[in-house]
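Undergrad: Got a sequence here, can you build the structure:
(chains A and B)
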Amino acid sequence: MADPFISVAERLAPAFAAVAGGACDPVVRPSDRADGQANGALALAKKLGLQPREVAQQVLDAAGDVSDMLASTEIAGPGFINLVFSNTFIAEQLSEATHNPRLGVRASSDPHTVVVDYSAPNVAKEMHVGHLRSSVIGDALVRALMFVGHTVVRENHIGDWGTPFGMLIEHLIDMGEDNAANELGVGDLDGFYKAARRKFEESDEFKGRARARVVMLQGGDEDTLRLWRTLVSESTRYFNQVYRQLDVLLTDDDLMGESAYNPMLAPVVERLREAKLLEESDGADVVFVEGFTNRDNEPLPLIIRKGDGGYNYATSDLACVIDRVERIGARSLLYVVGAPQAQHLQMVEAVARKAGWLPEGYIMNHVSFGSVLGADRKMLKSRSGGETVKLNALLDEAVERAEISVAEKNPDMSAADRTAVATMVGIGAVKYSDLSSDRVKDYIFDWDRMLSFEGNTAPYLQYAHARICSIFRRAGIDRAAIRDVVPTLVEVQERDLALRILRFDSAVWEMIDTLGPHKLCTYLFDLATDFTSFYEHCPVLKADNDAMRDSRLALCDATARIMSEGLLLLGIRAPEQM
RNA sequence: GCCCUCGUAGCUCAGUCGGAUAGAGCAACGGACUUCUAAUCCGCAGGUCGCAGGUUCGAUUCCUGCCGAGGGCGCCA
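TA: Prediction:
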């Protein structure tokens, strides 16, 4: 049970191996001229010094009878082997997939513990679109990794420690704790942060108090810690609102802020010292990493302990690695963090590897992503503090816009249903527009495009799903009962749809292998396109006879389940009506 | 100055472990609604795959150089 393209590659591999005299990849790819094509003969011919078409023929001879899987095999062009699946094979595979708990997606052959570090907003600071990207991408990866059988540990590495807290706590005291809690409680984190920052810059007296407060915080002063906890809890309460609204899995159980690593920082230094990796440079304790240089082409170190004796984010990131590997038992660490952190994470990884904290076979992966841009191609929110786009306001707007659109298209829907649908559509649209393009690139945030019911958008996919639900609702047919029907594929649209359904396996695995949710998005869009084409050409309830009707209902059911499950893996809900 | 990422149709994006004619959606144009929800479908049109070399049977894909955009480059995180 797997994607037919994988099945056929496995089937042809021994034949290729026999001709090659050793392992040889058949190089099966989808084709315009057939279902698929095996390109392996061309490279093999060169290696053997033979004519490619002749090699292809030898492979086919060695493969023997493949009629249980393929309706035809044909050597074409310079030496491609065109492959056409037999309809009975497709139908059987589809029937198997619908009875498979993962809808035909292969389980991981190597399940292990994966830590996914994502979202990571800062306490007493507004979440912005960068956190949106991290949250949405990270959450989709979490769901997909769990789906194939990994043990996934979510970690929200919130910025809850460091020098800014001196100024934040002093500002909290100035405002009065209750007033401050109120302001933070309504989610005005930016106002609070900016006011504190302004005072810090304008008043030496305040600056002095802030610095003293940092020392008290780090020294564990109980009253200071209490104030700090107020800041943290008010902020996380706000973060949680956004997470619920955004429909991501993160909860308080996943919080693993910088402060949590405090006790582990000194041991990081000690262990590096014992490993003889630590060097002193300009008063700081550092580790030099080969291959990194500064502006003057001198070796660039990772600073573990600053000249003033304090630690920085490199230290806590190293503590993270140790904690995740040694305590949690993770073998794979994913960091869903913006592209500007690339060098930092490379250096952290290099040090962790040198120190032996990331053994051979352990993976540390930077799931990098680009910026969210406005229509003007400038960052939607500049780091230097342009106007901030508040996440909760952005999500509210998404739902409002979706609600207008739903009301327009489906005026008969009840207000309660409309709100529920608008929430799924609006939030889904925002998440999908973030997930559907290659994450390493910047993307342009465009309300009209993401909420459009046409093109590669969440509403288009959701609509395809809703239409199927509508068929079953109208006909009063039990979805589960139809699953035992093995479809008969007659029309080209039926066949295309069935073959597409079977490719869910590869789509999910491509997403996991590349850590690229857009691979799954592209697949689901293709699925929706194939379905609507089928829907236009192949009447279901008005089919010519009962057998054809049931066959098409089975295709509908399988499509809807994969659409719904696929969207869910992306963290997007699929309403039953729209 | 060095390093990293990106550059594909007017716009927004796929595709690239080297394969036959580079694909969608939008916008434009032409069709299809007494509908299993037309929120759709069908068709037509649109490209020196940033530029120039190299590798080879074959390059948008790999390599080198250049151009353009963004980011990073020691005590903020």
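
Undergrad: Next, give phi and psi for the closest residue to RNA strand B within chain A.
TA: For chain A, the residue closest to RNA strand B is A:Gly455, as judged by C-beta to the nearest atom of the strand, at 2.1 Å. In this view, the C-beta of every residue, glycine as well, is placed from N, C-alpha and C. Main-chain torsions, A:Gly455, degrees, to the nearest 10: phi 90, psi -170.

Undergrad: what's the neighbour count on it?
TA: When neighbours are counted by other C-beta atoms under 10 Å, A:Gly455 registers 11.

Undergrad: and if you look at A:Ser405?
TA: So A:Ser405, with other C-beta under 10 Å, has 19 neighbours.

Undergrad: same deal with A:Ala71?
TA: Neighbour count of A:Ala71, defined by other C-beta under 10 Å: 16.

Undergrad: How about whichever helix or strand it is part of and RNA strand B, touching?
TA: For A:Ala71, the host element (DSSP states H and E) is strand A:70-76. Yes: contact of strand A:70-76 with RNA strand B (C-beta under 7 Å from any atom of the strand) involves A:Ala76.

Undergrad: try stretch A:568-578
TA: Yes: on the criterion C-beta under 7 Å from any atom of the strand, stretch A:568-578 is in touch with RNA strand B at A:577-578.

Undergrad: can you pull the contacts of the residue of chain A closest to RNA strand B?
TA: In this structure, A:Gly455 makes contact with A:Arg449, judged by C-beta atoms under 8 Å, 6 or more residues apart in numbering.

Undergrad: Try it again at 10 Å.
TA: Counting by C-beta atoms under 10 Å, 6 or more residues apart in numbering, A:Gly455 makes contact with A:436, A:449, A:525.

Undergrad: Grab the longest strand from chain A for me.
TA: Longest strand of chain A, by residue count under DSSP state E: strand A:284-293.

Undergrad: Now do the SS call for the residue in chain A sticking out farthest from the centre.
TA: Relative to the centre of chain A, the most outlying C-alpha is that of A:Glu205, 46.1 Å out, by C-alpha atoms, centre = their mean. Following DSSP: H, G, I helix; E, B strand; the rest coil, we place A:Glu205 in the helix state.

Undergrad: Test my guess that it contacts A:Ala212.
TA: No: assessed by C-beta atoms under 10 Å, A:Glu205 is found out of contact with A:Ala212, at 11.0 Å.

Undergrad: got the residues of the stretch 301-450 of chain A near RNA strand B?
TA: Residues of the stretch 301-450 of chain A lying close to RNA strand B (C-beta under 7 Å from any atom of the strand) are A:301, A:303, A:306-308, A:310-313, A:316, A:339-344, A:370-371, A:377, A:383, A:405-406, A:409-410, A:436-438, A:440-444, A:446, A:449.

Undergrad: helices and strands around whatever helix or strand A:Ala558 lives in, which ones?
TA: In the assignment (DSSP H and E), A:Ala558 maps to helix A:546-569. Under the contact definition 3 or more C-beta pairs under 10 Å, 6 or more residues apart in numbering; DSSP states H and E, helix A:546-569 sits against helix A:87-98, helix A:129-147, helix A:415-435, helix A:458-475, helix A:479-482, helix A:492-501, helix A:504-514, helix A:517-537.

Undergrad: got a list of what the residue farthest from the centre of chain A touches?
TA: Residues near A:Glu205 by C-beta under 10 Å, 6+ apart: A:Lys199.

Undergrad: between the helix holding A:Ala558 and helix A:458-475, how many degrees?
TA: 140 degrees (axes from the mean of the first three to the mean of the last three C-alpha atoms, to 10 degrees).

Undergrad: gap between helix A:546-569 and the chain center?
TA: With C-alpha atoms, centre = their mean, to the nearest Å as the basis, helix A:546-569 stands 25 Å off its chain's centre.

Undergrad: got it, and stretch A:176-184?
TA: Taking C-alpha atoms, centre = their mean, the mean C-alpha location of stretch A:176-184 is offset from the chain mean by 36 Å.

Undergrad: Which residues does it contact?
TA: Stretch A:176-184 is touched from outside by A:123-124, A:168-169, A:171-175, A:188-189, A:191-193, A:195, A:226-227, A:230-231, A:233-235, A:237-238, with contacts defined as C-beta under 10 Å, 6+ apart.

Undergrad: what about dumping the CA coordinates of stretch A:15-34 to CSV?
TA: Taking C-alpha atoms only, stretch A:15-34 is exported to CSV below (Å, rounded to 0.1, in the frame of the first residue of the first chain):
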residue,chain,number,x,y,z
ALA,A,15,14.5,-5.6,-13.4
PHE,A,16,16.8,-2.6,-13.6
ALA,A,17,19.1,-4.2,-11.1
ALA,A,18,19.3,-7.4,-13.2
VAL,A,19,20.2,-5.4,-16.3
ALA,A,20,22.6,-3.1,-14.4
GLY,A,21,24.2,-5.8,-12.4
GLY,A,22,23.5,-3.9,-9.2
ALA,A,23,21.1,-1.6,-7.5
CYS,A,24,19.7,0.9,-10.0
ASP,A,25,17.0,3.5,-9.6
PRO,A,26,14.2,3.2,-12.2
VAL,A,27,13.6,7.0,-11.9
VAL,A,28,9.9,6.8,-12.2
ARG,A,29,8.2,10.2,-12.8
PRO,A,30,4.7,11.4,-13.7
SER,A,31,4.4,11.9,-17.4
ASP,A,32,2.5,13.9,-19.9
ARG,A,33,2.4,11.0,-22.4
ALA,A,34,1.3,8.3,-20.0
